[in-house]
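Peer 1: Pasting the sequence and the predicted model now:
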Amino acid sequence: ALSKVNPNFVSQLGRRNLIINGDMRIAQRGTGAFTANSSFPVDRWNIISNATDFTTTQDSAVPTGKGFTNSIKIQPTATKSPSASTYSRIGYSIEGYDGVSLCWGTSGAKTATISFWVKSSVTGTYSICVKNGAANKSVVQDYTISVADTWEYKTITIPPETSGTWDSVNGRFAYIDIWLAGQGSQTSTTGSWISSNANMSNNQVNFFSSTSNTFNITGFQFEVGSVATPFEHRSFGEELAACQRYFY
């Protein structure tokens with residue numbers, strides 16, 4: 001009977017991670033260095049910057065013993081001071097078909113949880129923003145990198161949003177942006193949805209302070225619920241097929 005099954009095992013059943021290629025394994029555009037704005041160092045993940053001032057690659061640095069083989073690495077090639085027109089972020093777009101299970105924009109909206117592994121040579125406060133496809137509903141959450149050049153596991157809770165327009169088919173359901181630098185559309189409100197196009201908090205560090213800085217991220221999971229579960233490792237073939245739908 002189901003009631004006799006270990007409840008911790010039951011919670012792992014089914015497809016939990018709404019992110020495709022969260023372990024950064026698939027890189028159909030190649031594994032060399034990318035330097036152009038809107039580059040995809042790995043499938044489904046792109047780098048947005050206002051200038052050609054970075055290099056990004058699929059990297060082999062990963063946290064030990066977690067089942068990962070790759071991460072995204074980004075490094076500045078020029079320094080810049082944050083302003084409204086200087087910015088950089090790693091971004092992912094969730095398709096409506098994948099995000100509809102959150103029921104955002106309805107009275108049945110559900111809490112979501114983000115989890116990931118990250119390391120950087122620059123310690124301090126970083127921002128993650130989630131916003132709808134129309135970019136008029138957004139929530140910003142901060143996380144802290146405490147120790148330089150050390151893999152750290154982060155979990156972030158995204159509260160349910162009962163209002164706004166959220167695509168439920170093959171448009172963009174939501175953006176997820178991992179900010180590295182900038183001041184444009186900063187907000188002092190974190191942890192709550194606001195009706196504007198916010199990007200990052202006022203606490204965001206300037207990762208572009210030195211060309212020797214590095215930032216790696218892997219094991220990114222976005223799931224329904226208020227508790228982060230272990231990363232959902234899927235087969236290479238399944239993940240490649242999901243990525244190819246967008247690549248082609």
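Peer 2: Yep, that arrived. Since the structure is predicted, the reported quantities are computational estimates derived from the model, not experimental observations.

Peer 1: Give me the residues contacting the longest helix along the chain.
Peer 2: With secondary structure taken from DSSP state H, the chain has its longest helix at helix 236-247. Contact with helix 236-247 is made by Ile20, Asn21, Asp23, Arg25, Ile26, Gln28, Arg29, Asp43, Arg44, as judged by CB atoms under 8 Å, 6 or more residues apart in numbering. C-beta coordinates here come from the backbone N, C-alpha and C atoms, glycine included.

Peer 1: Would you check which pair of those lies furthest apart?
Peer 2: Farthest pair in the contacts of helix 236-247 (CB to CB) is Asp23 and Arg29. Separation: 16.9 Å.

Peer 1: Where do the strands of this structure begin and end?
Peer 2: Counting by DSSP state E, residue ranges of the strands within the chain are 39-42, 45-49, 54-59, 71-76, 87-95, 112-120, 124-132, 138-145, 152-158, 172-182, 186-187, 200-201, 215-224.

Peer 1: how about TSV for the ones you listed, with distance to Phe231 added?
Peer 2: Shown next, in TSV, are these (distance: least, CB to CB, whole Å):
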stretch	distance to Phe231
strand 39-42	16
strand 45-49	15
strand 54-59	17
strand 71-76	13
strand 87-95	15
strand 112-120	7
strand 124-132	17
strand 138-145	17
strand 152-158	10
strand 172-182	16
strand 186-187	29
strand 200-201	25
strand 215-224	5
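
Peer 1: The ones you listed: which one's closest to Tyr248?
Peer 2: strand 39-42 (13.4 Å).

Peer 1: Packing partners of that closest one?
Peer 2: Here strand 39-42 touches strand 45-49, strand 54-59, strand 71-76, going by 3 or more CB pairs under 8 Å, 6 or more residues apart in numbering; DSSP states H and E.

Peer 1: mind running it again at 6 Å?
Peer 2: With contacts defined as 3 or more CB pairs under 6 Å, 6 or more residues apart in numbering; DSSP states H and E, strand 39-42 has these neighbours: strand 54-59.

Peer 1: how big is the angle separating the strand it packs on from strand 172-182?
Peer 2: Going by axes from the mean of the first three to the mean of the last three CA atoms, to 10 degrees, strand 54-59 is angled at 120 degrees with respect to strand 172-182.

Peer 1: can you dump the C-alpha coordinates of strand 54-59 into CSV?
Peer 2: C-alpha atoms of strand 54-59 as CSV (Å, rounded to 0.1, in the frame of the first residue of the first chain):
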residue,chain,number,x,y,z
PHE,A,54,33.1,39.1,-20.5
THR,A,55,34.0,35.5,-21.5
THR,A,56,31.7,32.6,-20.6
THR,A,57,32.2,28.8,-21.1
GLN,A,58,30.9,25.5,-20.1
ASP,A,59,33.3,24.6,-17.3
